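# okay, predicted coordinates and the sequence, questions at the end:
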Amino acid sequence: MNVVTLFSGCGGLDLSFHQLGFNILWANDFDTKACETYALNIGEHVVCDDITKVDVSTIPDADLVLGGFPCQDFSMIWKREGLETERGNLYKNFVNVVAAKQPKMFIAENVKGLLTANKGKAIETIINDFSDTGEHGYDVKPHLVNFAKYGAPQLRERVLLIGVRKDFNKNFVMPSPTHTPETYVSSGEALKGVEDVPYNNEHQNIQPRTIEKLKLIPEGGNFSDIPKDNEHYVKGMISHVYRRLHRDKPSTTIIAAGGGGTWGYHYSEPRPLTNRERARLFGYPDDFKFIGTITEVRRQIGNSVPPQGMYPIAKEVKEFLASL
């Protein structure tokens, strides 16, 4: 089964399909370091270029098109201008590739905020554009997925827009969750032995005042646990600020960027997570090496799909495509 991927990043979405034996012919991203990471771990087929400048005729035909078009403009954390921005309209390049290649199926990943961006008009417009594209058009359904339900040690909710070409007259059904809240993979379990992994395990410098702040925050807590009359009190806007893991629970969402205490913090040590710890919380294998500075690698991981959580879905996709 041949695959083309867009907005591929470091390969988090692609990795499960690669592990399951899909033939990924072509991938694309414009982030140089993410492309280097992708090439090292998945394959040299990644093309590092701006998708708006890529000639669609140079992209191979495929049975499946995958991709996570840029999500910042749909995010519930940052500003949500959605389709009113140039970045928000990059999904149209995904539509253009689907229209030209007419794959049997496509999967487009985005943030939960896509469902309510532009007062619900964004998701409606995007689904309509995909539905009407190409000779046959696509039956498109949005699926809100909590990847912890599929084995990732992280409460990460994302939307998967899954389209199947209308002429097949078949519906894709999401696999049943493999985990429940009682059996979610915990942060403590995910980080066992992580200190022994030689790649991407560097500790970043941390200010003494930050250490003192973290000492005031219990496992699973955040900035709001610091007493308001304490000299280390901070006024945070989002729950990610100085959020510490809880060893008996999955991580909350790991984000890609931001200062002001948004790095994600260890449950027992007063310090930010290493990138290898972040990678463990996404379910990347330990031999998956990321290329770049600590900040660049943090961004690659935080922008990606948890491979561990995507694997059961990719397996179901393989069986579905084989039935067409």
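Received it, and whenever you're ready, just let me know what you need. Quick caveat: nothing in here was measured; it's all calculated off a predicted structure.

# surely residue 131 is in contact with residue 142?
No. Between residue 131 and residue 142 there is no contact under C-beta atoms under 8 Å: 11.8 Å. For glycine as for every other residue, the C-beta is placed from the backbone atoms N, C-alpha and C.

# neighbour count: these two, which is higher?
residue 142 (16 against 13; other C-beta atoms under 10 Å).

# next up, the contacts around that one.
114, 115, 123, 127, 159, 160, 161 (C-beta atoms under 8 Å, 6 or more residues apart in numbering).

# just the buried members of those residues?
114, 123, 127, 159, 160, 161 (16 or more other C-beta atoms under 10 Å).

# make CSV from those and add distance to residue 218 to it.
Shown next, in CSV, are the buried ones among the contacts of residue 142 (distance: C-beta to C-beta, whole Å):
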residue, distance to residue 218
114, 33
123, 38
127, 43
159, 32
160, 34
161, 38
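
# show me which of those is closest to residue 20.
residue 160 (16.5 Å; C-beta to C-beta).

# in three-state terms, label that closest one for me.
Secondary structure state of residue 160, per DSSP: H, G, I helix; E, B strand; the rest coil, is strand.

# who's it bridged to?
residue 109, residue 143 (DSSP bridges).

# same question for the one 4 residues further on.
According to DSSP bridges, residue 105, residue 139 are recorded as the beta-bridge partners of residue 164.

# quick one, strands of the stretch 101-250 of the chain?
105-111, 138-146, 157-165 (DSSP state E, counting those that start in this stretch).

# and those strands, which is most packed in?
Of all those, strand 105-111 has the most neighbours on average by mean count of other C-beta atoms under 10 Å, namely a mean of 24.

# check which helices and strands the helix or strand of the chain with the lowest mean pLDDT sits against.
Here the helix or strand of the chain ranked lowest by mean pLDDT, DSSP states H and E is helix 121-131, holding a mean of 89. Contact partners of helix 121-131 among helices and strands, from 3 or more C-beta pairs under 8 Å, 6 or more residues apart in numbering; DSSP states H and E: helix 91-101, strand 138-146, strand 157-165.

# and the longest one, how far from the chain's centre?
To tie it back to what came earlier, the one meant is helix 91-101. 20 Å (C-alpha atoms, centre = their mean, to the nearest Å).

# and that helix, what other elements does it pack with?
Going by 3+ C-beta pairs under 8 Å, 6+ apart, helix 91-101 lies up against strand 2-6, strand 64-67, strand 105-111, helix 121-131.

# these: which one's closest to residue 236?
Counting by C-beta to C-beta, and looking across all of the helices and strands packed on helix 91-101, nearest comes strand 105-111 at 20.3 Å.

# now the closest one: how far from the chain's centre is it?
With C-alpha atoms, centre = their mean, you get 11 Å for strand 105-111.

# tell me the mean pLDDT for it?
Mean pLDDT, computed over strand 105-111, is 94.

# can you list the low-confidence ranges for the protein?
Scanning the chain with the threshold set as pLDDT under 70 gives 71-89.

# quick check: residue 307 vs residue 161, distance?
Here the distance between residue 307 and residue 161 works out to 19 Å (C-beta to C-beta, to the nearest Å).

# swap that for residue 42, sorry
Per C-beta to C-beta, residue 42 is found 23 Å from residue 161.

# name the nearest residue to residue 147, sequence neighbours excluded.
Counting by C-beta to C-beta, 6 or more residues apart in numbering, residue 147 lies nearest to residue 309, which is 3.0 Å off, once chain neighbours are set aside.

# same question, residue 234
That would be residue 223: by C-beta to C-beta, 6+ apart, it lies 5.1 Å from residue 234.

# in the stretch 201-324 of the chain, which spans are helices?
Per DSSP state H, counting those that start in this stretch, the stretch 201-324 of the chain carries helices over the ranges 208-215, 275-282, 294-302, 307-322.
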